[in-house]
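> The amino acid sequence is not available; the structure is as follows:
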Ligand code: FES
Ligand code: FES
């Protein structure tokens, strides 16, 4: 997750396609590992792989239109992180299936918290992150990154 | 998590200590597995184990004073679910450690969402869940459970 998010921010620093190996080198992570993250981003249509000699990855759209939630769900899916196994339907006092068409109060509470988490992630875009990263440092970090990626 | 939360709600249905094996039977789960969950709840001082012949588990305080977050953190800990490995300090453009005293923009965003998730869980008490479970069914489910636990 950390490298997928960092990659998306880094990809805002250049209009040119960036090879996966270059992104792996920049982040000091294994190319195989990063390839999987990039494939997940690609499946979710957040990045696009340009073929050919100067090929590589580019963002498919403006970073203002990609939220942190988009990236998180591309990598980890959009299923709630809380798993309900319908424990209420087990044991001697099992609730009958027909009484269990809606999630139980506990599951509803956990799902609501999951939605609050996703809502917070949906409020921040990759463009916001880029701006925040820029504000964090004295020097123009994103330009430096862009220069390095193109070099 | 599911069984720990269900146990806490179930324990509101009787003032008498409930043996772990009885809770396992009620929920149709393995006694060994449930014992671990109950030990976690006990370490967090949410339940208390009464020794002796009619011993078992009781809630340590009013269910209105135990939040869903208390239970979730008892079982899974209070560390943020997002793990930042300081990836920004790796690779050829690594940020120097002295520039990394605060979490990066990405980590801050992920931690903020984690706080939103915990805040949602802190808003609901075990007493609320008990009420919600009661409202979900026509019959007085919690009395039935209490009766069964004492039988
Ligand atoms: S039955 Fe799954 S949380 Fe209640
Ligand atoms: S360095 Fe860990 S999220 Fe940015």
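Structure received. Since the structure is predicted, the reported quantities are computational estimates derived from the model, not experimental observations. Numbers count the residues shown, from 1 in each chain, chains lettered A, B, ... in the order given. Ligands and ions are numbered 1, 2, ... in the order given.
> Mind telling me which residue of chain A is nearest ligand 2?
Residue nearest to ligand 2 within chain A: residue A:2 (4.7 Å; C-beta to the nearest ligand atom). Quick note: C-beta positions are derived from backbone N, CA and C, even for glycine.
> what's the nearest residue to that residue if we skip its chain neighbours?
Leaving aside its chain neighbours, residue A:2 sits nearest to residue B:87 (5.2 Å; criterion: C-beta to C-beta, 6 or more residues apart in numbering or on different chains).
> The residue of chain A closest to ligand 2 is in contact with residue B:106, isn't it?
Yes - using C-beta atoms under 8 Å, residue A:2 is in contact with residue B:106, at 7.1 Å.
> higher neighbour count, the two?
For residue A:2 versus residue B:106, neighbours defined as other C-beta atoms under 10 Å in any protein chain shown are more numerous around residue B:106 (26 against 21).
> re the thing from before, what sits in contact with each of residue A:2 and residue B:106?
Common contacts of residue A:2 and residue B:106, defined by C-beta atoms under 8 Å, 6 or more residues apart in numbering or on different chains, comprise residue B:84.
> lowest average confidence, helix or strand, in chain A?
helix A:141-150 (a mean of 92; mean pLDDT, DSSP states H and E).
> Quick one: residues contacting residue A:103.
Residue A:103 sits in contact with A:84, A:111, where contact means C-beta under 8 Å, 6+ apart.
> for it, helix, strand, or coil?
Under DSSP: H, G, I helix; E, B strand; the rest coil, the three-state class of residue A:103 is coil.
> what sits against the spatially closest residue to residue A:38 that is not a sequence neighbour?
Nearest residue to residue A:38, sequence neighbours excluded (C-beta to C-beta, 6+ apart): residue A:20, at 5.4 Å. Going by C-beta under 8 Å, 6+ apart, residue A:20 touches A:31, A:34, A:35, A:38, A:56, A:57.
> In TSV: those, plus secondary structure, neighbour count and pLDDT.
Supplementary listing: the contacts of residue A:20 in TSV, determined by DSSP: H, G, I helix; E, B strand; the rest coil; neighbours: other C-beta atoms under 10 Å in any protein chain shown; pLDDT from 0 to 100:
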residue	secondary structure	neighbour count	pLDDT
A:31	helix	14	95
A:34	helix	21	96
A:35	helix	14	95
A:38	helix	25	97
A:56	strand	22	95
A:57	strand	23	97
